[in-house]
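Participant: Sharing a model prediction with you, sequence too.
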Amino acid sequence: MCLVPRGSEEGTTLELDRDGLQLVANKPVSFRLYSSLTRIDDQAGDVISLEGQDEPLHEHAPLDAVIRFGKPTEQRMIPVKLGAKLSEVGTLETWSDSKISEHRWRLEFQLRKAREARGARTAAVIADEALIAAEQAIRDVFTGSAVPEGLPAKLEQVIGLGRNSWPVSAIRRLADVFLACAEGRKRSAAHELRWLNLGGFCLRPGFGFPGDDLRIEQARRVYASGLTFANATQNESEWWIFWGRVSGGLNRNQQGDLYQRLSGLLLPRGKKFTRINSSLLREMWRCASSLELLPNGVKTELGETLIKKIKSGDINSSDLWCLSRLGARKLFYGPNNQVLPAATVQRWVEALLKIDRAQDALVAMSRITGDAARDLPGSTVEQVKRVLGEDAGRLESDEQDLGRVFGEELPSGLVFTPSAEE
């Protein structure tokens, strides 16, 4: 069915109301979008056959989603009318308005940039009414009188899903409200902690959705003003968790500036030593290890410090995760020329071969890419395979476990450009 005829201007809204249009709710579905550069006579509402075309229609990446309506376990068929608009940022915004309720469900397709969905999970589609209520709940805390401690439960209640199931389209709407209410974080230590925790959750991983560049610019204003309650250890920990979460949206200079605030504490020089709370120090290390655009010399020094600690017997899972980010053969968002030399990482891998719980780190640092400049020597890879046993196939998998790479579950529906040479 033709929804947006060729030649429609950006910002033009089109609606389509036909008998028989129904939406499947509470079941995973795939929305498929086709386009053509040559069909100029189609009108909105025309039914077009996908077969027998002189020139095949171009099929875009499908959008996998779950429309939520009523009881989650009850599959429903909802009569709807469709709307569409080509936005200024290159997305085709489409929506379905229920004919039996006030619900509206929005879907967004990327059109201008070819992006590859890696590790994207089927995303729920949240009704506008629920998101409006969630936005108001955030405002009630940071501009009204509601207490910040109850905000996570309130958001899950009005959205109807646990936070790990919130789709990226929904969390970015919430992120916009958090950014608009950023001054409200200064009301108390509890307000600041909740703003950092939930705001960073909604902005993670800092890229992959239209408008993220602007959101990071707005977040950088918070960075410039710094922590309001810097004497609260938990707030300071949440500060570094926040910047580790969104680090993929920062450019090289911004990451370098962020690291400068950490370097003296992570790699103290001479006799200068500052005692730091262990949980806070852990988050500082995790943030620094997430900065894939740092100079390779800096990343090498960080990795060597961790290896020295591990060899001394002082080892924990967070250190292994940090080492795996620093020495990864395939980066999460950085270009291939930011991958550390194979000879450096080979030494790290050999130091981990006899250490329990190091399997994930070994996989990340020994993954086979087919690029001789990045891959470890075959003899080292064979040693890793023997340690991994039945999991050795992970070394040759094209798909990374992005949740493990990132350190937490990624937003459902996230798409982003794979790393490449810069």
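Facilitator: Thanks, I have the structure now.
Participant: hey, where'd the helices end up in the stretch 201-350 of the chain?
Facilitator: Shown for the stretch 201-350 of the chain, the helices assigned by DSSP state H, counting those that start in this stretch span residues 212-225, 233-245, 252-266, 278-289, 296-311, 317-327, 342-352.
Participant: who wins for proximity to residue 166 among those?
Facilitator: Closest to residue 166 of the helices of the stretch 201-350 of the chain, according to Cβ to Cβ: helix 233-245, at 14.5 Å. C-beta here means a position set from N, CA and C on the backbone, and glycine is covered the same way.
Participant: Taking their axis directions, that closest one and helix 252-266 sit at what angle?
Facilitator: Helix 233-245 and helix 252-266 are oriented at 140 degrees to each other (axes from the mean of the first three to the mean of the last three Cα atoms, to 10 degrees).
Participant: Report all helices and strands that helix 233-245 contacts.
Facilitator: Under the contact criterion of 3 or more Cβ pairs under 8 Å, 6 or more residues apart in numbering; DSSP states H and E, helix 233-245 touches helix 189-203, helix 278-289.
Participant: I would like the residues contacting the first one, please.
Facilitator: Helix 189-203 has contacts (Cβ atoms under 8 Å, 6 or more residues apart in numbering) with 138, 141-142, 147-149, 151-152, 155, 163, 171-172, 174-175, 178-179, 181-182, 184-186, 212, 215-216, 219, 227-229, 232, 234-235, 238-239, 241-243, 245-246, 249.
Participant: Only alpha carbons, please: show it as CSV.
Facilitator: C-alpha atoms of helix 189-203 as CSV (Å, rounded to 0.1, in the frame of the first residue of the first chain):
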residue,chain,number,x,y,z
ALA,A,189,21.7,14.9,46.4
ALA,A,190,18.8,12.5,45.9
HIS,A,191,17.6,14.6,42.9
GLU,A,192,21.0,14.6,41.4
LEU,A,193,21.6,10.9,41.9
ARG,A,194,18.2,10.0,40.3
TRP,A,195,18.8,12.4,37.4
LEU,A,196,22.2,10.9,36.6
ASN,A,197,21.0,7.3,37.0
LEU,A,198,17.9,7.5,34.9
GLY,A,199,19.1,10.2,32.5
GLY,A,200,22.1,8.2,31.6
PHE,A,201,20.0,5.1,31.3
CYS,A,202,17.8,6.9,28.7
LEU,A,203,20.7,8.3,26.8
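Participant: Quick one: work out the angle between it and helix 212-225.
Facilitator: 150 degrees.
Participant: Helix 189-203 - what's its average pLDDT?
Facilitator: The average pLDDT for helix 189-203 rounds to 98.
Participant: Tell me which residues touch residue 79, please.
Facilitator: 21, 22, 23, 98, 99, 100.
Participant: In strands, which of these appear?
Facilitator: 22, 23, 98 (DSSP state E).
Participant: surely the last one meets residue 76?
Facilitator: No. The pair residue 98 and residue 76 fails to qualify as a contact (Cβ atoms under 8 Å) at a distance of 10.2 Å.
Participant: contact partners of stretch 276-293?
Facilitator: 233, 236-237, 240-241, 243-244, 247-248, 250-252, 255-256, 258-259, 262, 265-266, 294, 302, 306, 316, 318-319, 321-323, 325-326, 331-334, 338, 407.
Participant: Mind listing the shared neighbours of residue 98 and residue 76?
Facilitator: residue 69.
Participant: Looking only at neighbour counts, state which of these two leads.
Facilitator: residue 98 (18 against 15; other Cβ atoms under 10 Å).
Participant: quick revisit: can you flag the buried ones in the contacts of residue 79?
Facilitator: Among the contacts of residue 79, those buried by neighbour count (16 or more other Cβ atoms under 10 Å) are 23, 98.
Participant: Dump the contacts of residue 79 into JSON lines; add distance to residue 350 as well.
Facilitator: Formatted as JSON lines, the contacts of residue 79 follow (distance: Cβ to Cβ, whole Å):
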{"residue": "21", "distance to residue 350": "61"}
{"residue": "22", "distance to residue 350": "60"}
{"residue": "23", "distance to residue 350": "56"}
{"residue": "98", "distance to residue 350": "60"}
{"residue": "99", "distance to residue 350": "65"}
{"residue": "100", "distance to residue 350": "64"}
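Participant: Out of the helices of the stretch 201-350 of the chain, which is closest to residue 59?
Facilitator: Nearest to residue 59, of these and by Cβ to Cβ, is helix 212-225 at 25.8 Å.
Participant: buried set for that closest one?
Facilitator: So helix 212-225, judged by 16+ other Cβ under 10 Å, has buried residues 212, 215, 216, 219, 222, 223.
Participant: Return the set of buried residues in the longest strand anywhere in the chain.
Facilitator: Longest strand of the chain, by residue count under DSSP E: strand 76-86. Buried residues in strand 76-86, defined by neighbour count with 16+ other Cβ under 10 Å: 78, 80, 82, 83, 84, 85, 86.
Participant: Direction included, what does it pair against?
Facilitator: strand 13-16 (antiparallel), strand 22-25 (antiparallel), strand 91-98 (antiparallel) (DSSP bridges).
Participant: So for the longest one, mean pLDDT?
Facilitator: Meaning strand 91-98. 81.
Participant: Output that strand as PDB, nothing but the C-alphas.
Facilitator: Only the C-alpha atoms of strand 91-98 are listed here, as PDB (Å, rounded to 0.1, in the frame of the first residue of the first chain):
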ATOM      1  CA  THR A  91      13.300   9.500   9.300                       C
ATOM      2  CA  LEU A  92       9.900   8.400   8.100                       C
ATOM      3  CA  GLU A  93       7.600   8.900  11.100                       C
ATOM      4  CA  THR A  94       4.600   6.700  10.900                       C
ATOM      5  CA  TRP A  95       1.900   6.100  13.400                       C
ATOM      6  CA  SER A  96      -1.300   4.200  13.900                       C
ATOM      7  CA  ASP A  97      -4.300   5.800  15.600                       C
ATOM      8  CA  SER A  98      -6.700   3.400  17.300                       C
END
